[in-house]
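Trainee: predicted model follows, preceded by the sequence.
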Amino acid sequence: MKISSGWLPKHLVLLTLILFFPAFSFAAEITGKIVLPKYKTVKMDNGMTLLLLERHQLPLVSFRWTLKSGGSIGDPEGCEGLAFLTAQLVRKGTLSRTADQISEALDFVGANFHSRATQEYSWGSAEFLKKDLNLAVDLLSDMLLHPSFPPDEVDKMIKQEIDGIKEDKAVPEQVIQYYFDGLLFGPQGYGRPVGGTETTLAKITRDQIVSFYQAHFVPNEFILAVAGDFSTSELEAALKVKFGSLKSSMIAPLNVKEASSVQGRHVLVVDKPDSTQTFFRLGNVGIARTSPDWIPVHVVNTLFGGRFTSMINTALRIQSGLTYGANSFFNSRRTRGSFVIASYTPNESTERALDMTLDVLKSFHEKGISQDQLQSAKNYIKGQFGPTIETNDQLANLMAELEFYGLGPQYINSYFDKVDALTLADAKRIIETYYPLNNLDFVLIGKGSVIEPVARKLAGDVKKKSITDPGF
Amino acid sequence: MKSHKTKCWILVIATFLYLGTTAQAQQFDVKTHQLKNGMRILMLEDHSIPNVALYFFHRVGSRNEHTGITGLSHFFEHMMFNGAKKYGPGMFDRVMEDNGGSNNAYTSEDLTVYQDWFPTSALPLIFDLEADRTSSLSFDPKMVESERGVVANERRMSVENNNEDLLREQLMASAFTAHPYHWPVLGWMVDIEKWKREDLINYFKTYYAPNNCEMIIVGDIQPDEVIRLAQQYLEPIPAQEPPRPVTTQEPQQLGERRVFLNKFAQLPLLQVAYHTPAAVDPDFIALSVLDYILLRGESSRLYQRLVDKEQVAVSVQGGQSEHLDPFIFEIDVQPRSGVEVDRVEKILYDELDKAQNNLVDQKELQKAKNTAVADFYRSMKTISGKANVLGVYDVVLGDYQKLFKAAELINQVTREDVQRVAQKYIKARNRTVAILVPEPTRTPEK
């Protein structure tokens, strides 16, 4: 953006990202480097971590908080959805503001605010105009430190969430990963649905929410990342005043026992009788976010299922027209998350699409990848990286992610080097280690009468559910 | 849940593009250029990342179709990725991704927009790729058949397995009787199955001519270099006779229309549409403000009443969107389980009546304007966002410079304006209602 006087930033903290192209011939190497803008890390006396990144391109400020102890893996058994409800309810009333007053205050200044839980942590984000920064700090600290969980708001949200699950189940793409995680990890750890189920939500009480909040929302588990148009020293002081009052408290870290890969093949069929398509996912336990193999896996997966011309999308969509899209991904978690291949296809081509998926996987093992393909994947990752760290919210999220996984800014600064360092031999090892051929879990959502016979050909172990059954 | 980018999303352009503040918007130093073949170019330098967003806005969408070829604009969008003279089948995507770029496209009722995102140094290559497909696209019969399957799957995925979209088709088909907004952007399945190769060839010649297209480029560029490349690669593509204008206007609606869809579902759905004017109409701005008052944020009137206070809905969304011809103001409600749709409707209309019967509170009006300004900033956060805003303003509203006046116009909207447009458009005789009635496909096993 051309910035004329009057809106000129005081000091530009620009992202340094320089790319060079020697030529445009096939897969010419993109060289260059990436350096994250410097940001300040503050450890407060009560253990809370602040990450502050000044950027003055637009008069906006983005906040992102991550509560390390707020993951749904900490939900008591049978109370799945507790962390999720707690995180969502912080905006529904505080000791000094009603839910309506909070919404009114946010909307009046055109701010946005979201808070959620994931399996590993609770998190939230907010975006304010620069001129409303004081209000931002006031509102955020009020919601995070003094939520009152009004009984009527708790009751309302639980009912809404239960209906929300029913609404989501009308769209298989919205819910299929819950079924897949449930099958893959079982009733422990990452197998439990973050948002709960129709039955677990109904059992959760306000007392449980209050207890969960009191036990888990402690400053030493909080990361608050802020990026945008502010003064670091002023914001740091303001945040210390507001959040410094919170007393630290020791809490057992949320640890999930590292899952082992599943052996053999297992299928879950979810009957949705009106479906004209079969939605499917297959895979196994994947890789931990902190593994040194994460970047190599990302490069290799770009070729297998991480972009439009990937092998899986080429076979299922581009060459055969069996689907509108097919991809593969590794879910990032501190311990091994899931590896998933995902697509959907008309009822009548279910068997063909699944066979083709398995063929592509087999061919990936047999033929591997070429030097040109490897170079292409590296170029793609580097060429597409800029737009992933373009905005304040992206940078705030990235800082919080690096902090949560203990990776630090160096992880990004050496990112391109690690991408470049990958060899064909490394790629071969990655394929053999992380792309299982025979040991696979499958979830198929669709018209039961059509997909059950297909499921029986995939594996001896076939479980069945109806989409209207509570849970996943 | 992580999702993979899949090519060509049908997009209804959101309202937020319309709003801004004069002071900031005027900072944009947009350069323009017109090629001899009629293609208009808008350029905006932004060196914050070493990347470029290049958008081609073709003035063609489902609005330009007719019975028998519904969905052809969208299908054509797919064909643009399937090979041309220099870069054969699959090469457009492969060469682009090999060199660090990615792309997508969307089709709306009014437009087909192609988007390329790439590192700056790939600029000449991207021009070569774009010029190749725009000048000499191939229509290989086998490719046409394969892509027909992809599009049919896209329709199954996004409409037949998505109750909201399926119901919306019925809503639009009922609200529009004469105007081509009657049919869905994806087209009817019977038409998808029957397009002929000749239909595609004719379409390409008419609607993909350079004089029917506008190029928007934002990012780490030098305008002089862009003009030079455009002259080299795009200018040789010959202009064509301009397409026949769409002249059909939807006749005035004379009474409420209701349509029902019986389908397997756990919960019903309610969609309500009111005919509203085209984006260039002066009333559009006041309607946008009404949209903010009714639907934006958890303090908005409809969220407060339906979701929060009466608790008859899980969610409510919708609003106004820019179109070349008069379109609709839409309200979609997901009722709570056990709540009769009748009751939701009564409460909804009662709330809408208030906007007609009473002047909006001054503070509430200010809130709508403030949110609009913040949304304006948000739409400018990325080079892609800027490219899209500039394109929508220039093509749908007729001039990108209107972007710089939008804030002034928004700030001029009065309480009386809001009440007047509510009375004029949000009324029963101008309303179409679509309801999904859940039905079990079998007796529950107990």
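Mentor: Thanks, I have it.
Trainee: can you pull out the strands in the stretch 301-450 of chain A?
Mentor: Ranges of strands in the stretch 301-450 of chain A, per DSSP state E, counting those that start in this stretch, are A:327-330, A:338-346, A:440-446.
Trainee: of all those strands, which one is nearest B:Phe76?
Mentor: strand A:338-346 (22.4 Å; CB to CB). Any C-beta I mention is one placed from the backbone N, CA and C, and that applies to glycine too.
Trainee: skip the chain neighbours and tell me the closest residue to the closest residue to chain A within chain B.
Mentor: For chain B and chain A, the shortest gap (CB to the nearest CB) falls at B:Gly100, measuring 1.9 Å. What sits nearest to B:Gly100 in space, not counting adjacent residues and going by CB to CB, 6 or more residues apart in numbering or on different chains, is A:Gly383, at 1.9 Å.
Trainee: okay, and for the stretch 301-450 of chain A, where does confidence drop off?
Mentor: Counting by pLDDT under 70, the stretch 301-450 of chain A shows no low-confidence range.
Trainee: show me what from it comes close to chain B.
Mentor: Selection of the stretch 301-450 of chain A residues close to chain B by CB under 8 Å from any CB of the partner chain yields A:305-309, A:313-314, A:317-327, A:329, A:331, A:342, A:344-346, A:372, A:375-376, A:379-380, A:382-384, A:386-387, A:389-392.
Trainee: return the distance of the helix or strand where B:Val418 lies from the chain's centre.
Mentor: Assignment of secondary structure by DSSP states H and E places B:Val418 within helix B:415-425. What separates the centre of helix B:415-425 from the centre of its chain is 25 Å, taken as CA atoms, centre = their mean, to the nearest Å.
Trainee: next, the buried residues of that helix.
Mentor: Neighbour-count burial for helix B:415-425 flags B:417-419, B:421-422, B:424-425 (criterion: 16 or more other CB atoms under 10 Å in any protein chain shown).
Trainee: right, and the helix or strand after it?
Mentor: Heading C-terminal from helix B:415-425 (DSSP H and E), you reach strand B:431-438.
Trainee: list the helices and strands the helix holding B:Val418 packs on?
Mentor: Counting contacts by 3 or more CB pairs under 8 Å, 6 or more residues apart in numbering or on different chains; DSSP states H and E, helix B:415-425 packs against strand B:269-276, helix B:283-295, helix B:341-357, helix B:362-379.
Trainee: report the angle between that helix and helix B:283-295.
Mentor: For helix B:415-425 against helix B:283-295, the angle by axes from the mean of the first three to the mean of the last three CA atoms, to 10 degrees is 90 degrees.
Trainee: tell me the angle helix B:415-425 makes with strand B:269-276.
Mentor: Using the same axes, to 10 degrees, helix B:415-425 lies at 110 degrees relative to strand B:269-276.
Trainee: what's in contact with helix B:415-425?
Mentor: Helix B:415-425 has contacts (CB atoms under 8 Å, 6 or more residues apart in numbering or on different chains) with B:274-277, B:283, B:286-287, B:289-290, B:293, B:329, B:352, B:355-356, B:358-360, B:362, B:365.
Trainee: and if we set it to 6 Å?
Mentor: B:274, B:276, B:283, B:286-287, B:289-290, B:355-356, B:359-360, B:365 (CB atoms under 6 Å, 6 or more residues apart in numbering or on different chains).
Trainee: what's the answer for stretch B:187-203, then?
Mentor: By CB under 6 Å, 6+ apart, the list of residues contacting stretch B:187-203 from outside reads B:69-72, B:76, B:139, B:144, B:151-152.
Trainee: ok, now which ones touch the residue of chain A found nearest chain B?
Mentor: Residue nearest to chain B within chain A: A:Gly383 (1.9 Å; CB to the nearest CB). Residues counted as contacts of A:Gly383 (CB under 6 Å, 6+ apart) are A:30, B:100, B:119.
Trainee: can the strand or helix carrying B:Val314 be found next to chain A?
Mentor: Per DSSP H and E, B:Val314 falls inside strand B:313-319. Yes. For strand B:313-319, a contact with chain A is found by CB under 6 Å from any CB of the partner chain, at B:Val314.
Trainee: if we can go back for a sec, turn the contacts of A:Gly383 into JSON lines, including distance to A:Ser211.
Mentor: Formatted as JSON lines, the contacts of A:Gly383 follow (distance: CB to CB, whole Å):
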{"residue": "A:Ile30", "distance to A:Ser211": "52"}
{"residue": "B:Gly100", "distance to A:Ser211": "51"}
{"residue": "B:Pro119", "distance to A:Ser211": "51"}
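Trainee: around chain A, which positions in the stretch 101-250 of chain B sit nearby?
Mentor: Checking the stretch 101-250 of chain B against chain A by CB under 6 Å from any CB, the hits are B:102, B:119, B:121, B:125, B:146, B:149-150, B:153-154, B:156-157, B:160-163.
Trainee: of these, which is the most crowded?
Mentor: Greatest neighbour count in these, by other CB atoms under 10 Å in any protein chain shown, goes to B:Pro119: 28 neighbours.
Trainee: and it, what are its bridge partners?
Mentor: Beta-bridge partners for B:Pro119, by DSSP bridges, are B:Asn51.
Trainee: who's in contact with it?
Mentor: By CB under 6 Å, 6+ apart, the neighbours of B:Pro119 are A:19, A:383, B:50-51, B:100.
Trainee: one more: A:Val218?
Mentor: Residues counted as contacts of A:Val218 (CB under 6 Å, 6+ apart) are A:249, A:251.
Trainee: how about the backbone phi and psi for it?
Mentor: Torsion angles at A:Val218 (phi, psi; degrees, to the nearest 10) stand at phi -120, psi 150.
Trainee: any idea how far A:Asn379 is from it?
Mentor: Separation of A:Val218 from A:Asn379 (CB to CB, to the nearest Å): 45 Å.
Trainee: report how many residues lie close to A:Ala237.
Mentor: A:Ala237 has 11 neighbours, counted by other CB under 10 Å.
Trainee: swap in B:Glu345?
Mentor: With other CB under 10 Å as criterion, B:Glu345 counts 17.
Trainee: what does the one 10 residues further on give?
Mentor: The criterion is other CB under 10 Å. On that basis, B:Ala355 has 19 neighbouring residues.
Trainee: please name the nearest non-neighbouring residue to it.
Mentor: According to CB to CB, 6+ apart, the nearest residue to B:Ala355 is B:Ala422 (4.1 Å).
Trainee: thanks again, I'm all set now.
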